[in-house]
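**Q** Pasting the sequence and the predicted model now:
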Amino acid sequence: MAPRTLPKTDVLIIGGGWTGLTAAYELAHAGQRCVVLERGKQRHTATSFGAPEEHDELKYAHRYEHMVDVKKETLTFRHNRDQQALPMRRLGSFLPGSGLGGAGIHWNGQLWRPLPSDLEMRSHYEERYGKDFIGPDLSIQDWGVTYDELEPHLDFFERICGAAGQAGNLNGDALAGGNVFEGPRSADYPNPPMRQPISNTLFGKAAERMGLNPFPMPSANVTKAYVNPYGAQLHPCTYCGFCERFGCGYYAKADPIICVYDRIKDHENFEIRLNAQVLRIEKSEDGKTATGAIYLDENGEEVFQPADTICMNAYALWNVHLMLVSGLGKPYDPETRTGVVGRNYSYQTVAGVDAFFDDSVKTDPYMGAGALGVVIDDYNGDNFDHSDLGFVGGGYIACKQYHGRPIGYQPVPEGTPKWGAEWKRAVRENYNHHADLVVHGSSVSTPENYLDLDPTWTDAYGRPLLRMTFDFPENDRKMSDYVMQRAMEVAREMDNVTSVSGSNNAAIDSHYDIVPYQTTHNVGGAVIGTDPETSVVNRYGQMWDHHNVFVFGACLFPQNLGYNPTGPLMGLAYWTLEHMKRDYLPNPGPLMDA
C-alpha cells in the first residue's frame, strides 16, 4: 500500500531538538513554510519537568525516561572488523534523547566554544610541528570553516541561552579570570559566572599556585533573570543538583523548549508533528535532489511529506543512519578507504580523579548544577607543546559539582570494598568531603573507526541497524593518560586533601566499553569539509550530492574536540542557516565560495 501523500512544504526538518527548532525559527521568519517531524512525544518545561516529580533519580537518571527506546531503534557495536557486531540492548555509554527538545532537555548546560586551532587541526599541527607529525593512521582534517567565521554565531547562541561566564579574550585583549586560551570574543558573556562551592574554589587556588590558569566553567545554567533575543524569559539557577538526565522546571537551564519552541510554536509558517518516526528520505529520479520523507505518523500509517528543502536535524548517529538507509551520499568503505557517509566517527575520552579532604573541608555536594565548575584549559587542544609527547589533542581539567544524589553519588577512596558494612561506612564518612575532577578530552578520527549498516540486525521498522566499529586509538590513550596525570598533580596540590585516585575510559591497557555511561558526545559520520572525497557536506552544511539537503549537528565534526559539542554544533547551525537564507533560498543550487 502506497504511503499517503501530503501537500508539499517549503522546508522539512527532521528532529525537534536544538538545531531543528532553531532551523524552524530562523527559516519560518524568513518566509519559509516549515514542518518539523519529531519521533518523540509532546512535553513542555512548564508542565513536564517540575519538582518534585522530575527529581525522581531512579526514573530519569537510571531508567532513562527521557531517552530513546532501544527496543525500537538501537545500533550494533564491535571493536574492529574481525568481530561480529551485537546490538546495544540497554542504554549505557551514551544517552540519546527522544521527545520535543531532544537531548537539549537533559544536557548539563556546559556551553563551550572551540579553540581556533580545533577547526584547522591538521593544518595547524602540520604548520607548527611539520608535515609528518600526524601519522597515516589518523584521518584528522580541517573543518573548512574558521573560528572567525563562526564567532558571531557562537556569540548569538550564547545569548539565546543566557550563558554565564567570564571572558578571557575580548576583542584580542586578555581579561583576568577568564580562559586565556580562548579565541577572541566580540562581546562578554551575557550573564556573570556561577558561584563556586568550596571544592571548586580550592581546585582553582591550587591551579594558580602551580602557574596554571583557572576560570569558571561557561554555563547555560543561568545566573540571573534574563530575556533572550527571541524574547524567552529565563530565571536564576537554584543549584538543585538535577541537571544532567533531567529537565529543568525552574526555567533556569536553557533548553530548546523555553528558548526557541515557545517563541515559534504559534507562527503561521511553523508546524510540528510529534510521534512521527521518519523511515527514509526519498530522492528524485535522477538522484540529484531529495523530494521528501516517508514517516510513520502517530497512528502507525505511512505518510509521504514532500518538500523543496530537507534539513537533517536528528542526533548525530541517527542522521548518519538515515542517510545510509536512504542512499544519500556514498557509504564509507574501510577496505578501500573511499566513500564518506559513516567516515571519521569518533567519541570522547573521559578520565576522572577523586580527591578526598579531611574533616575540616565540607563540600555540600547536594548543591550542584550541570555546569558548576572551575576549569583549566592549559592541556587542551594545542595549548601545550606536543613536540615530544607522541600524540595530538588534549582536554580540559575541571573540578565540578554536578550533584550529590543518593543513588548516583557515593564517593569512596580507592581500595574500599564494593559493598557491605565497610563500604557503607566509607560512603557515610566521605560523602561530604569529596572533590570530583574530570578530564574531558578530545578523540581523533582513524580509518578503522566508522559507521555503516549492519548486515544481520534490523530495527522495529525493518531497516538495517546502524553498526558502530570503534576502539580508542593509541593517540587518544596516550593523550588521556598524560592529561589525567596532570589532573592528579593539581588534585594533590589542593589544601587538606588526604587521598587522590584516577580512572580513565581510554586506559592504555583496555578497550572501549559501550556498557557504562561515559558521555553522549558521539561525533562524525557526516563530516563537513571542502573536498567531496573526504566530506559529506560542504562548508555550509549542504550535501555535495544533493544540494537541497542540509545537515546539522555533531555528525559534522571531522574529529572530536576536548569540549562538549553543543556550542560548536549550534555555531555551525547558525552559520548554515545564514547561508541558507541569504544565498540558497533565493537561488537554490550548490553553494560556492566567490
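**A** Great, that's in hand.
**Q** ok, which stretches of the stretch 1-150 of the chain are strands?
**A** Along the stretch 1-150 of the chain, the stretches classed as strands by DSSP state E, counting those that start in this stretch are 4-5, 9-14, 34-37, 75-78, 86-87.
**Q** could you pull out the helices for the stretch 151-300 of the chain?
**A** For the stretch 151-300 of the chain, the helices defined by DSSP state H, counting those that start in this stretch occupy 198-209, 256, 262-264.
**Q** Quick check: buried residues in stretch 168-187?
**A** Applying a neighbour-count criterion of 16 or more other C-beta atoms under 10 Å, one finds 168-169, 178-179, 181-183, 185 buried in stretch 168-187. C-beta: built from backbone N, CA, C; applies to glycine.
**Q** Export the residues you listed as TSV, with columns for pLDDT.
**A** Converted to TSV, those look like this (pLDDT from 0 to 100):
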residue	pLDDT
168	97
169	98
178	97
179	98
181	98
182	98
183	98
185	98
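**Q** Pick the one among these closest to residue 349.
**A** residue 181 (18.8 Å; C-beta to C-beta).
**Q** For that closest one, grab phi and psi.
**A** Dihedral angles of residue 181 (phi, psi; degrees, to the nearest 10) stand at phi -90, psi -10.
**Q** and it, what is it in contact with?
**A** 115, 168, 213, 377-378, 380-381, 383 (C-beta atoms under 8 Å, 6 or more residues apart in numbering).
**Q** Residue 125 contacts residue 381, correct?
**A** No: contact criterion C-beta atoms under 8 Å: residue 125 and residue 381 do not qualify, at 10.2 Å.
**Q** Just want to know which of the two has more residues nearby.
**A** Comparing residue 125 with residue 381 by other C-beta atoms under 10 Å, the one with more neighbours is residue 381, at 24 against 20.
**Q** my guess is the more buried one is in a strand, correct?
**A** No: assessed with DSSP: H, G, I helix; E, B strand; the rest coil, residue 381 is coil; it does not lie in a strand.
**Q** List the single closest residue to it in space, sequence neighbours excluded.
**A** Once flanking residues are discounted, residue 381 sits nearest to residue 115: 4.3 Å by C-beta to C-beta, 6 or more residues apart in numbering.
**Q** what sits against the one you found?
**A** The contact partners of residue 115, by C-beta under 8 Å, 6+ apart, come to 147, 181-183, 380-383, 561.
**Q** Show me which of those residues is closest to residue 136.
**A** Out of these, the member with the shortest distance to residue 136 (by C-beta to C-beta) is residue 382, at 20.1 Å.
**Q** burial count for the nearest residue to the closest one once chain neighbours are set aside?
**A** Spatial nearest neighbour of residue 382, chain neighbours left out: residue 117 (5.1 Å); criterion: C-beta to C-beta, 6+ apart. Counted with other C-beta under 10 Å, the neighbours of residue 117 add up to 18.
**Q** go on, residue 559?
**A** Residue 559 has 26 nearby residues by other C-beta under 10 Å.
**Q** From residue 119, how far off is the closest residue in space to residue 120 that isn't next to it in sequence?
**A** Nearest non-adjacent residue to residue 120, counting by C-beta to C-beta, 6+ apart: residue 142, 4.8 Å away. The gap separating residue 142 from residue 119 is 7 Å, by C-beta to C-beta, to the nearest Å.
**Q** Comparing the two, which shows the higher neighbour count?
**A** Taking other C-beta under 10 Å, residue 142 and residue 119 do not tie; residue 119 has more neighbours (26 against 19).
**Q** Does residue 568 lie in a helix or a strand, and which?
**A** In this structure, residue 568 sits in helix 566-579 according to DSSP states H and E.
**Q** Can you get me the start-to-end distance on stretch 357-369?
**A** In terms of C-alpha to C-alpha, to the nearest Å, the two terminal residues of stretch 357-369 are separated by 21 Å.
**Q** actually stretch 224-236, sorry about that
**A** Across stretch 224-236, first to last residue, C-alpha to C-alpha, it's 4 Å.
**Q** And the contacts of the lowest-mean-pLDDT helix or strand in the chain?
**A** Ranking every helix and strand in the chain by mean pLDDT, DSSP states H and E puts helix 45-48 at the bottom, with a mean of 90. Defining contact as C-beta under 8 Å, 6+ apart, one finds that helix 45-48 is touched by 54, 247-249, 251, 255, 257-258.
**Q** just for the protein, where's the confidence low?
**A** Low-confidence segments of the chain (pLDDT under 70): 594.
**Q** Which helix runs longest in it?
**A** helix 474-493 (DSSP state H).
**Q** Can you show me the CA trace of the helix or strand following that helix as CSV?
**A** Later in the chain than helix 474-493, the nearest helix or strand by DSSP H and E is strand 497-504. The C-alpha coordinates for strand 497-504 follow below in CSV (Å, rounded to 0.1, in the frame of the first residue of the first chain):
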residue,chain,number,x,y,z
VAL,A,497,43.5,16.6,50.6
THR,A,498,44.1,13.2,52.1
SER,A,499,43.9,10.8,49.1
VAL,A,500,43.8,11.0,45.3
SER,A,501,43.0,8.3,42.7
GLY,A,502,42.1,8.3,39.0
SER,A,503,40.3,6.3,36.3
ASN,A,504,40.2,6.6,32.5
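**Q** Buried residues in strand 497-504, which are they?
**A** Buried residues in strand 497-504 (16+ other C-beta under 10 Å): 497, 500, 502, 504.
**Q** go on, stretch 428-437?
**A** Residues 430-437 are the ones in stretch 428-437 that count as buried (16+ other C-beta under 10 Å).
**Q** same thing with stretch 326-345?
**A** By 16+ other C-beta under 10 Å, the buried positions in stretch 326-345 come out as 326, 328-332, 334, 339-345.
**Q** Of those, just say which sits nearest to residue 460.
**A** Set against residue 460, the nearest of those by C-beta to C-beta is residue 326 (17.6 Å).
**Q** who are the neighbours in contact with that closest one?
**A** Contacts for residue 326 were tallied using C-beta under 8 Å, 6+ apart; they are 280-283.
**Q** Using TSV, please lay out the residues you listed together with neighbour count and distance to residue 462.
**A** Shown next, in TSV, are the contacts of residue 326 (neighbours: other C-beta atoms under 10 Å; distance: C-beta to C-beta, whole Å):
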residue	neighbour count	distance to residue 462
280	17	11
281	24	16
282	17	17
283	18	19
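**Q** can you list these in TSV and add distance to residue 85?
**A** What follows is the contacts of residue 326, written out as TSV (distance: C-beta to C-beta, whole Å):
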residue	distance to residue 85
280	22
281	24
282	28
283	28
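**Q** Identify the residues contacting the helix holding residue 568?
**A** Contacts for helix 566-579 (C-beta under 8 Å, 6+ apart): 18-19, 22-23, 26-27, 104, 107, 110-114, 145, 149-151, 153-154, 156-158, 218, 528, 540-542, 550, 552-554, 556-557, 561, 591.
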